[in-house]
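Engineer: Below are the sequence and a predicted model for it; my questions follow.
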Amino acid sequence: MPKTITPKKPRLKRLPRGPHGGVQLLLIQSVDHLGKQGDVVEVKSGYAHNYLLPQGLATLATDHHQRMVEKHKAKLHAIEKSRLADLQSLADALGKQSITIEANANDEGHLYGSVGAPEIVASLKQAEFTLTADQIRLEGPLKELGLYTVKVHVHQEIETDLKVWVVPTAAEE
């Protein structure tokens, strides 16, 4: 009987451990609630393997990578500065923007459902602004008709206000 050969599963490469038992990585880009570009951070291995490394946000914290970051710090700083300028212009445009969301409501103005971040993102997408639901900072779902001022977190250092009108759905005849 011929012997079948099963392929080996690819093993995850062991990453260098930090002093607290986590994985030490060098951030290629700034990550909210973690650190700025060029920082050496220590995270859990699952976060490193499943998010930071596949997204290209971090790399191994070797001496070689640290020297390269130091060498290119000025260029990286200029890139980050232009990126921040682009994000600031996006924030300014969002600040001038006002969106309208139609929702089913009763005669007193209470919504049958609620308006949340996904509905705001969908409405912004129609206005050609691309944001994610976690960038919309609501203090709670919008449950009544009216004008709301919603915080939009564009970047670690950039926030803006967006005006959201919640209006009743046009009556079908």
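Structural biologist: Alright, I've got the coordinates.
Engineer: C-alpha only now, for contacts and for neighbours.
Structural biologist: Fine.
Engineer: buried stuff in stretch 67-81?
Structural biologist: Val69, Leu76 (16 or more other CA atoms under 10 Å).
Engineer: next one: stretch 102-114
Structural biologist: Quick answer for stretch 102-114 (16+ other CA under 10 Å): Ala103, Asn104, Ala105, His110, Leu111, Ser114.
Engineer: Which other helices and strands does the helix or strand where Ile120 lies contact?
Structural biologist: Ile120 is part of helix 117-126, with elements assigned from DSSP states H and E. Contacts defined by 3 or more CA pairs under 8 Å, 6 or more residues apart in numbering; DSSP states H and E place helix 117-126 against strand 98-103, strand 136-137.
Engineer: May I have the strands that pair with the first one, each with its orientation?
Structural biologist: In its sheet, strand 98-103 lies beside strand 158-168 (parallel), with partners assigned from DSSP bridges.
Engineer: rewinding a little: buried deepest among the helices and strands packed on helix 117-126, which one?
Structural biologist: strand 136-137 (a mean of 18; mean count of other CA atoms under 10 Å).
Engineer: Can you give the distance of it from its chain's centre?
Structural biologist: The chain centroid and the centroid of strand 136-137 are separated by 11 Å under CA atoms, centre = their mean, to the nearest Å.
Engineer: and it, which strands flank it?
Structural biologist: strand 146-155 (antiparallel).
Engineer: Show me what counts as buried in the strand it pairs with.
Structural biologist: Tyr148, Val150, Lys151, Val152, His153, Val154, His155.
Engineer: So which of those sits lowest on pLDDT?
Structural biologist: Among the buried residues of strand 146-155, His155 carries the weakest pLDDT, at 83.
Engineer: can you count the residues close to the nearest residue to that one once chain neighbours are set aside?
Structural biologist: The shortest distance from His155 to any non-neighbouring residue, by CA to CA, 6 or more residues apart in numbering, is to Leu87 (7.3 Å). Residues lying near Leu87 (other CA atoms under 10 Å) number 16.
Engineer: hang on, Leu87 in a helix?
Structural biologist: Yes - Leu87 forms part of a helix when assessed by DSSP: H, G, I helix; E, B strand; the rest coil.
Engineer: which regions of the chain sit below the pLDDT cut-off?
Structural biologist: 1, 6-14, 16, 171-173 (pLDDT under 70).
Engineer: Please enumerate the strands of it.
Structural biologist: Per DSSP state E, the chain carries strands over the ranges 23-27, 40-43, 58-60, 98-103, 110-115, 136-137, 142-144, 146-155, 158-168.
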